[in-house]
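> A predicted structure for the sequence below; I have some questions about it.
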Amino acid sequence: MGVDSGLPDFRGSEGFWKAYPALCQQAIPFYEIANPAAFRRHPQLAWGFYGHRLRLYRNTLPHAGFDILRRWGAAKTHGLNVYTSNVDGHFQQAGMQDTHIHECHGSIHYLQCLLPCRDSIWQADPFIPEVDEMQCQLLNAAPTCPHCGGMARPNILMFGDADWLEQRAQQQAARQANWLSRASRPLVIELGAGTAIPSVRNFSHRVMLEYGGRLLRINLRESQVPFAQDVGLAMGALEALTAIQAVLDH
Ligand SMILES: [Zn+2]
C-alpha cells in the first residue's frame with residue numbers, strides 16, 4: 001500500500017539504501033538504524049532517519065486504493081476493520097475510523113521515552129523535524145520525554161526492541177477482536193503482505209481459521225493461497241483494487 005503512494009520500499013538493502021544514500025555510504029542496513037540502540041549511539045542520525053520518514057508520511061497523500069477500501073467497508077453491515085504493519089498512519093489519513101484500525105507495529109505519529117521511564121506515549125504532532133537529507137542528520141533538537149526530559153523515540157516496534165510500549169496496539173487489538181467476534185463471514189483483503197515478516201499473513205490465516213473468513217490475497221510476488229476457495233491476484237495493491245472496482249462499476 002505504501003509503495004503505491006510513492007513511499008520508499010525497505011525490503012532488501014538496495015531499495016533502502018537508494019532512499020537513504022547517507023546510510024548506504026556508512027553501510028548501515030535498515031535493521032541497524034531501525035533499532036533503539038541507534039538512538040543511543042547515533043541520536044542525530046537515528047532521528048535524521050525517523051524525522052525524514054515522519055515528514056514524508058505526513059506530506060504524502062494515500063493513493064486512491066485507500067478510498068476504494070473505505071467505500072467497500074461503508075457498504076457492509078459491520079464495516080471495515082484494518083490490521084496493518086505499516087507505521088505511516090495512512091489508513092487514518094484516508095478517512096478510516098481510528099477505532100477500527102490495529103497498527104501491529106505501532107505508529108510514527110506517536111512518541112515514547114527512549115529509556116522508557118514509564119508507560120506513557122504521546123502524539124508526535126508538535127514535533128516538526130528539520131533534516132539534512134543528504135547526511136541523514138536531524139538539524140533541530142530531538143523531541144524529549146515530558147516526564148524525565150530524556151530523549152524520545154517513535155512508538156514503533158523496532159529490531160531488537162524490548163522497550164516498545166505496546167499498550168496502544170494492545171487496546172487496538174482488543175477492539176479488533178471484539179469486532180471480529182461480532183462480524184459474520186469476514187472477507188480478508190490482504191495487500192502486499194509477504195512471508196519475510198509474516199505478522200500480517202499470520203493474522204489473515206487466524207481470521208480464516210477462527211472466524212471462518214475467506215481470503216483475497218493481492219501480492220505481486222507471493223500470491224499463492226492456502227485453500228481452493230480463496231483468491232490470489234499477482235498484482236500491486238492499487239492496480240488490483242482499481243481493477244476490482246472497475247468490474248463492480250460495470
Ligand atoms: Zn522519560
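On my side now, so go ahead.

> Could you pull up the residues touching the residue nearest to residue 85 when sequence neighbours are not counted?
Sequence neighbours aside, residue 105 is the residue nearest to residue 85 in space, at 4.9 Å (criterion: C-beta to C-beta, 6 or more residues apart in numbering). Heads up, the C-betas are built off the backbone N, CA and C, glycines and all. Shown here is residue 105, whose contacts under the criterion C-beta atoms under 8 Å, 6 or more residues apart in numbering are 85-87, 156-157, 169, 199.

> And for residue 73?
Taking C-beta under 8 Å, 6+ apart, one finds 79-80, 96 in contact with residue 73.

> so how far is the ion from it?
38 Å (C-beta to the ion, to the nearest Å).

> What of residue 120?
To the ion, residue 120 is 8 Å away according to C-beta to the ion.

> okay, that residue: pLDDT?
Looking at residue 120, its pLDDT reads 97.

> What remains of the contacts of residue 73 if I keep only buried residues?
Buried members of these, scored by 16 or more other C-beta atoms under 10 Å, are 80, 96.

> ok, the contacts of residue 73 vs residue 54, which is closest?
Of all those, residue 96 has the smallest distance to residue 54: 20.2 Å, by C-beta to C-beta.

> Look at the closest one and report its pLDDT.
For residue 96, the predicted pLDDT is 96.

> any idea of the pLDDT on the residue nearest the centre of the chain?
What sits nearest the mean C-alpha location of the chain, by C-alpha atoms, centre = their mean, is residue 86, with 0.8 Å. On the pLDDT scale, residue 86 is placed at 95.

> next one: the one 4 residues further on
Per-residue confidence (pLDDT) for residue 90: 98.

> Which phi and psi values does the nearest residue in space to it that is not next to it in sequence adopt?
Distances taken as C-beta to C-beta, 6+ apart place residue 62 nearest to residue 90, at 4.2 Å, with adjacent residues excluded. When read as degrees, to the nearest 10, the backbone of residue 62 gives phi -60, psi 140.

> Other residues contacting stretch 130-148?
So stretch 130-148 is contacted by 20-23, 43-45, 47-49, 51-52, 55, 111-118, 120, 122, 124, 127-129, 150-152 (C-beta under 8 Å, 6+ apart).

> do stretch 28-40 as well
So stretch 28-40 is contacted by 10, 13, 16, 20, 23, 45-47, 49, 114, 151, 153, 156, 158-161, 163 (C-beta under 8 Å, 6+ apart).

> from the contacts of residue 105, which ones fall inside helices?
169, 199 (DSSP state H).

> Of the contacts of residue 105, just the buried ones, PyMOL syntax please.
Selection of the buried residues among the contacts of residue 105 in PyMOL, burial being defined by 16+ other C-beta under 10 Å:
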select buried, resi 85+86+87+156+157+169
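
> ok, back up a step: for the contacts of residue 73, could you give me CSV that also reports distance to residue 70 and secondary structure?
Converted to CSV, these look like this (distance: C-beta to C-beta, whole Å; DSSP: H, G, I helix; E, B strand; the rest coil):
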residue, distance to residue 70, secondary structure
79, 10, coil
80, 7, coil
96, 6, coil
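
> and of the contacts of residue 73, the nearest to the ion?
Using C-beta to the ion, residue 96 comes nearest to the ion of the contacts of residue 73, at 31.5 Å.

> who's in contact with the residue lying closest to that closest one once chain neighbours are set aside?
Computed as C-beta to C-beta, 6+ apart, the closest residue to residue 96 that is not its neighbour in sequence is residue 70, at 5.6 Å. Shown in contact with residue 70 (C-beta under 8 Å, 6+ apart): 80, 94-96.
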